[in-house]
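Asks: A predicted structure for the sequence below; I have some questions about it.
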Amino acid sequence: MTTQCGDITYQFSAYLDNELSEAEKTRIDDHLKFCPACRRRLDALEKSSDLISAVLTTHPKVDFDKIWGNIEGRIHCRPTICQHLCTWIFKPVFWIPAGAVGAVVLLLALYLPVLKSPVPALVSRVEFVSSKTGNVMVFQSAKTHQPIIWIMDKPPKEKHS
């Protein structure tokens, strides 16, 4: 296939539809006399074109105006979802409860974190544990958090008289 074949094959459709000037048509005719590959391509394109036109002529023509009228009638008779929502949203009956619910949600969103976060106490703690072997007292300072541990002997038992 030569570059001339490439230029000619791009014009085959216009050639079959008689859309070329006489000079271009004679140039393609001259090329087809000497190029069997281009003749085969033109024959295949012509057969395809004949098949397509045969199919298009056997089916009845479609009345697009009637079809579009039906489609347009269906489109305009029902409100769209957006129009339906807008008519519902712009009613004051909707905004009063929605505003109340929004205010409650906003207050809860601001107040719940305050409730859940305990404020750390800056107080010293003392814990006392008693056992059979002795008493243990633990003191933890609020500033340093260092524990101080006291281990004490168990006090003598008091005698009951």
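Replies: In hand now; what should we look at?
Asks: pretty sure R39 is touching L32, no?
Replies: Yes - contact criterion Cβ atoms under 8 Å: R39 and L32 qualify, at 5.3 Å. No exception for glycine: its C-beta is placed from N, CA and C like everyone else's.
Asks: okay, now the domains of the protein?
Replies: Using automatic domain parsing, the domain ranges for the chain come out as 3-58, 66-116, 122-154.
Asks: In a markdown table: those, plus mean pLDDT.
Replies: Formatted as a markdown table, the entries for the domains of the chain read as follows, by pLDDT from 0 to 100:
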| stretch | mean pLDDT |
| --- | --- |
| domain 3-58 | 85 |
| domain 66-116 | 78 |
| domain 122-154 | 72 |
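Asks: Tell me how many other residues crowd C38.
Replies: Summarising burial for C38: neighbours were counted as other Cβ atoms under 10 Å, giving 21.
Asks: mind listing what it touches?
Replies: 5, 8-9, 31-32 (Cβ atoms under 8 Å, 6 or more residues apart in numbering).
Asks: do H31 as well
Replies: 4-5, 8, 38.
Asks: picking up where we left off before, and the contacts of C38, which of them are buried?
Replies: Burial by neighbour count, judged by 16 or more other Cβ atoms under 10 Å, picks out 8-9, 31-32 from those.
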